[in-house]
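Student: Predicted model and sequence below, questions to follow.
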Amino acid sequence: MKNSFLKSFGTITILAIFVSLSILFWSGCQSDKEIASPETSTQISSLVKLSVDDPAVKDVMAVQNKNTANLMTDKNIVGTATGLTNDGQLAIHVFLKEGETSPKGVKTISSIPKQIDGVPVVVEVTGEFKAMQVSHTAKQTPPIQLGTSGGWRYDLANGYCCGGTLGSLVLKGGTQYILSNYHVLEADIVSGGNSRVAAAGDPVIQPGLIDVSCNVSLAQNVATLSGIKSLPNSNVDAAIAQVISGMVRTDGAILEVGTISATTIVASLNQAVKKSGRTTGLTRSTVSGLNATISVSYENECAGGAAFTKTFTGQILVKNRASKFLKGGDSGSLMVQDVTTNPKAVGLLFAGSNTIAVANPIGQVLSFLGATMVGL
């Protein structure tokens, strides 16, 4: 989600504003219990990478898809995905908002089946999922690198100001744009606490208001909003802002990552990935789930706006134990391969809990925007 600050009587107080996602909270915890797999299941080495095109993965995804809608009628179930058991077998992961505490203090939900249509089930208590946002927070000398703090110039309401991550550079119609999340750049859709809504042509700043004590004069304009609003009707949380000439490096370099490839890659289970974001900087993890169905709630302005809920399908899940990969303020970060030179983009990060991070597949994002990555 976007981070925000509270401004009161001349004093700026950092306040963590948690978007009430119908699924994830940072306060969530992960269950240590996993359901054993049938003897007929195929074990997979932790070094093997399986994509959504693998026949075995497709079979499990089909079972997951067939049963997800029924599972999520239970308000305590906040998502599903195709992943692996601890011993390397393909499985359906079921994510819970809350768990029951056994005498041993282990979170468990007895009502979840041990297997569905012969596929093993792994149960995790993740808490609610929330939209997230970067700690590359310093004001840069132009042209700036991305993976940095930024946001809509007027992103404050009801005494709060917000910000997120300016993730990467894309090309659309021969023009360069900064890529981030809808909820970082375009989420203010009600004329409420600041008497305005985000509109095409509005400035995007670096750093974001959250990192300049809500004082926009301490930030710099680096781009202008395109006016493209992905939510609530599309399956991605994405927005772009047209680069102001001379303000952003034209090679699309990202802090601590450098230049990236102009081509992309689909996510695979066990795939090593990294990202550069406002809050946690450069972090690394591995893909733990594919084809995830996740429900996320949003506010309609920086703070105090009426919420709406969006269910995303086909999402990428990444291990995020103790929020070491992604935290609030990292939303909008580009997730790439964990390789040294010109990594390929994998997904656009936008939500998570203290155990799992969630990314839109980059192919879906670029298709929605009609854009391509800027890279080598």
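Tutor: That came through, no problem. On a predicted model such as this, the values are computed, not experimentally measured, just so you know.

Student: Go through this protein and flag its longest helix.
Tutor: helix 55-71 (DSSP state H).

Student: Any idea how far that one is from the middle of the chain?
Tutor: Helix 55-71 has its C-alpha centroid displaced from the chain centroid by 22 Å (Cα atoms, centre = their mean, to the nearest Å).

Student: any idea of the mean pLDDT in it?
Tutor: Across helix 55-71, the average pLDDT comes to 96.

Student: before we move on, what about stretch 221-238?
Tutor: 96.

Student: Quote the end-to-end distance of it.
Tutor: With Cα to Cα, to the nearest Å as the measure, the ends of stretch 221-238 fall 20 Å from one another.

Student: same check, this time on stretch 250-260
Tutor: End-to-end distance (Cα to Cα), stretch 250-260: 12 Å.

Student: Touching it from outside, list them.
Tutor: Contacts to stretch 250-260, defined as Cβ atoms under 8 Å, 6 or more residues apart in numbering, come from residues 136, 143, 145-148, 167-169, 176, 274, 276, 281-282, 334, 336, 341-345, 373-376. Heads up, the C-betas are built off the backbone N, CA and C, glycines and all.

Student: Apply 7 Å and report the result again.
Tutor: By Cβ atoms under 7 Å, 6 or more residues apart in numbering, the residues outside stretch 250-260 that reach it are 136, 145-148, 168-169, 176, 276, 281-282, 334, 336, 342-343, 345, 373-376.

Student: tell me which residues in the longest helix of the chain are buried?
Tutor: 57, 60, 61, 63, 64, 65, 67, 68, 71 (16 or more other Cβ atoms under 10 Å).

Student: try stretch 351-364
Tutor: For stretch 351-364, by 16+ other Cβ under 10 Å, it's 351-362, 364.

Student: Tell me which two of these sit farthest apart.
Tutor: The span of these, defined through Cβ to Cβ, is set by 354 and 364 at 25.5 Å.

Student: before we move on, the earlier item: got the CA positions of the longest helix of the chain in CSV?
Tutor: Extracted C-alpha coordinates of helix 55-71, given in CSV (Å, rounded to 0.1, in the frame of the first residue of the first chain):
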residue,chain,number,x,y,z
PRO,A,55,1.7,-29.5,-18.2
ALA,A,56,1.9,-30.6,-14.5
VAL,A,57,1.5,-27.0,-13.3
LYS,A,58,-1.4,-26.5,-15.7
ASP,A,59,-3.2,-29.6,-14.3
VAL,A,60,-2.9,-28.3,-10.7
MET,A,61,-4.0,-24.8,-11.8
ALA,A,62,-7.1,-26.3,-13.4
VAL,A,63,-8.1,-27.9,-10.1
GLN,A,64,-7.3,-24.7,-8.3
ASN,A,65,-9.4,-22.6,-10.7
LYS,A,66,-12.3,-25.0,-10.5
ASN,A,67,-12.5,-24.8,-6.7
THR,A,68,-11.4,-21.3,-5.9
ALA,A,69,-14.8,-19.6,-6.1
ASN,A,70,-16.3,-22.1,-3.8
LEU,A,71,-13.4,-21.9,-1.3
